[in-house]
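[1] pasting the structure only:
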């Protein structure tokens, strides 16, 4: 029986991108359904009635929501390239950093972007990114978990790429690359992976999205 | 990594060895405060799995101990799990999953099927990010209109949890079915805190007319031995609330 895998999402969501990357790493064929978040499809509302958000993975008719939950599910169901570390302790650390990224880094960076680089917001984003920078420095490896791409890389390895697109649209620097050499290097390593490249939106597409977004804000 | 955090322990910390054996170096140590539902969550899991541990109590009035600050520099919060000489593990949900990973043979908490696990993790995320934060919101909201709005959200949230419970329990007493499982632990640890906030706000979260199945479930879990032995009493809760009122005061 062939698996039927559908992913409901939007190209410009980093949470959707991370699921795409996970699917790509495993070599899973899937159908991507682009949603209009201002006009959500009946299917999306059916598959994620509680939160009504993307991404939603539908595997043989069974919906799974929340990007981190989806990624762990993908890793458990499909063998091949491992995403979660095998060691229980390493796994807990990976889950912890994924959570730090989602709870602290990502919201702070988003705020810096949406505030058009307001000083306080940028300072807070810098503070959160510093934790990540320090951890990468301590680890000293190509990817967060070692030589191979894993959960944390999938969640945030392309932060600089994303922020870079916003910076281009805004015409200002939000994250000083010289302040975060490790994160910058890490971002390059991640983006050079085919699975990541194929999961990210195009740079132009992302810049266009931010242009539209900031146009609205004005 | 050097075990820097072990070197200095504030004299205000006292040790409560809850599970019997007084070994010189406990395999598992848990940093916590009695009234924290997140700490109770981990204790609930440890007790269900009959894993021995040493409990290290943070004295809140003395300020955060050096052990805590170096163990959890990102969040500076309890619970923190110290396992042998490994660096610390933080975040209660992650700690519970970790315990299941290292001892799946001892009372497995997460279900076996991947889809069920995803479902459990989804609802755990919902409980921690959408449901329980409402209680902090309510505690800090002083205007009645605001309070009423939050109570409406609580009613909606418990309705969703009621449906989730019915699907998950399959007619049995717990989210885990016949026996206490992951979601029972994830939600059950909040019961005493929720009841306290309810009482202060003329509300009943697990009302037996609105959410009959959850109401039954709440009664069962409240007195479950693995949780009751570590849950805070009324006095502790009142004291803890007093402290929190100072650190995270009501909105103006």
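    Done, it's in. What you see is a predicted model, and the numbers here were worked out from it, not measured in a lab.
[2] how far away is residue A:71 from residue A:26?
    Residue A:71 is 10 Å from residue A:26, where distance means C-beta to C-beta, to the nearest Å. The way it works is simple: take the backbone N, C-alpha and C, and place the C-beta from them, glycine included.
[3] what do the two both touch?
    The contact sets of residue A:71 and residue A:26 overlap at residue A:83 (C-beta atoms under 8 Å, 6 or more residues apart in numbering or on different chains).
[4] so between these two, which is more surrounded?
    residue A:71 (25 against 18; other C-beta atoms under 10 Å in any protein chain shown).
[5] ok, that one - contacts?
    Applying C-beta under 8 Å, 6+ apart to residue A:71 gives the contacts A:18, A:19, A:22, A:83, A:151, A:154.
[6] do residue A:150 as well
    A:82, A:83, A:84, A:85, A:94, A:143, A:144.
[7] by neighbour count, which of those residues wins?
    Of these, with other C-beta under 10 Å as the count, residue A:144 tops at 27 neighbours.
[8] which pLDDT value belongs to that one?
    Per-residue confidence at residue A:144 stands at 92 (pLDDT).
[9] now do the contacts for it.
    By C-beta under 8 Å, 6+ apart, residue A:144 lies in contact with A:94, A:97, A:135, A:136, A:150, A:151, A:152, A:153, A:157, A:186.
[10] list the buried residues of the helix or strand where the third one lies.
    Yep, that's residue A:135 we're talking about. Element membership of residue A:135 [criterion: DSSP states H and E] is helix A:119-139. Neighbour counts using 16 or more other C-beta atoms under 10 Å in any protein chain shown place A:121, A:122, A:124, A:125, A:126, A:128, A:129, A:131, A:132, A:133, A:135, A:136 of helix A:119-139 among the buried residues.
[11] near chain B, from those?
    Among the buried residues of helix A:119-139, proximity to chain B is found for residue A:131 (C-beta under 8 Å from any C-beta of the partner chain).
[12] can the contacts of residue A:144 go into JSON lines with extra columns for distance to residue A:213?
    Output for the contacts of residue A:144, formatted as JSON lines (distance: C-beta to C-beta, whole Å):
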{"residue": "A:94", "distance to residue A:213": "31"}
{"residue": "A:97", "distance to residue A:213": "28"}
{"residue": "A:135", "distance to residue A:213": "30"}
{"residue": "A:136", "distance to residue A:213": "29"}
{"residue": "A:150", "distance to residue A:213": "31"}
{"residue": "A:151", "distance to residue A:213": "28"}
{"residue": "A:152", "distance to residue A:213": "27"}
{"residue": "A:153", "distance to residue A:213": "26"}
{"residue": "A:157", "distance to residue A:213": "23"}
{"residue": "A:186", "distance to residue A:213": "26"}
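[13] flag the least confident of the residues you listed.
    Ranking these by pLDDT, residue A:157 lands last with 86.
[14] check the residue lying closest to that residue once chain neighbours are set aside and give its pLDDT.
    Residue nearest to residue A:157 in three dimensions, not counting chain neighbours: residue A:190, with 3.0 Å by C-beta to C-beta, 6 or more residues apart in numbering or on different chains. Per-residue confidence (pLDDT) for residue A:190: 95.
[15] what helix or strand does residue A:190 sit in?
    With DSSP H and E as the criterion, residue A:190 is inside helix A:181-191.
[16] what lies in contact with that helix?
    With C-beta under 8 Å, 6+ apart as the criterion, helix A:181-191 contacts A:129, A:132-133, A:136-137, A:142-144, A:149, A:153, A:157-161, A:175, A:177, A:196-197, A:200.
[17] likewise stretch B:226-234?
    Stretch B:226-234 is contacted by residues B:18, B:34-35, B:40, B:43-44, B:47-48, B:180, B:188-189, B:191-192, B:196, B:221-222, B:240 when judged by C-beta under 8 Å, 6+ apart.
[18] select only the buried ones of those in ChimeraX?
    Buried residues among the contacts of stretch B:226-234 (16+ other C-beta under 10 Å), as a ChimeraX selection:
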select /B:34,35,40,43,44,47,48,180,188,189,191,192,196,221,240
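[19] list the ones among the contacts of stretch B:226-234 that fall in strands.
    Here DSSP state E is the test, and the contacts of stretch B:226-234 give no hits in strands at all.
[20] name the helix or strand for the residue in the stretch 151-252 of chain B that chain A sits nearest to, please.
    Distance from chain A to each residue of the stretch 151-252 of chain B (C-beta to the nearest C-beta) is smallest for residue B:160, at 5.8 Å. For residue B:160, the host element (DSSP H and E) is helix B:144-169.
[21] now the helices for the chain?
    Assuming you mean chain A. Assigned by DSSP state H, chain A shows helices spanning A:14-26, A:42-47, A:67-77, A:88-100, A:106-114, A:119-139, A:151-156, A:159-170, A:181-191, A:194-199, A:203-217.
[22] can you look at chain B instead?
    B:4-7, B:37-48, B:66-71, B:92-102, B:114-126, B:133-140, B:144-169, B:182-188, B:191-200, B:212-222, B:225-228, B:234-247.
[23] among those helices, which comes closest to residue A:48?
    Of all those, helix B:114-126 sits nearest to residue A:48, with 9.4 Å by C-beta to C-beta.
[24] chain center to that closest one, what's the gap?
    Relative to its chain's centre, helix B:114-126 lies at 17 Å (C-alpha atoms, centre = their mean, to the nearest Å).
[25] separation between the residue in chain B that chain A sits nearest to and residue B:128?
    Per C-beta to the nearest C-beta, residue B:101 is where chain B lies closest to chain A, at 3.7 Å. Per C-beta to C-beta, residue B:101 is found 19 Å from residue B:128.
[26] please apply the same query to residue A:119.
    32 Å.
[27] could the helices of chain B be laid out in TSV, adding distance to residue A:3 and mean pLDDT?
    Formatted as TSV, the helices of chain B follow (distance: least, C-beta to C-beta, whole Å; pLDDT from 0 to 100):
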stretch	distance to residue A:3	mean pLDDT
helix B:4-7	46	28
helix B:37-48	33	96
helix B:66-71	42	64
helix B:92-102	26	96
helix B:114-126	13	97
helix B:133-140	36	94
helix B:144-169	23	97
helix B:182-188	26	98
helix B:191-200	40	95
helix B:212-222	34	97
helix B:225-228	39	95
helix B:234-247	48	88
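[28] deepest-packed of these, please.
    Each of the helices of chain B was scored by mean neighbour count; the highest is helix B:182-188, a mean of 27, by mean count of other C-beta atoms under 10 Å in any protein chain shown.
[29] that one packs against which elements?
    helix B:37-48, helix B:92-102, helix B:114-126, helix B:144-169, helix B:212-222 (3 or more C-beta pairs under 8 Å, 6 or more residues apart in numbering or on different chains; DSSP states H and E).
[30] neighbouring contacts of the third one?
    Helix B:114-126 is touched from outside by A:50-51, A:59, A:62, A:64-66, A:68-70, A:72-73, A:76-77, B:93, B:110-111, B:160-161, B:164, B:168, B:175, B:181-183, B:186, with contacts defined as C-beta under 8 Å, 6+ apart.
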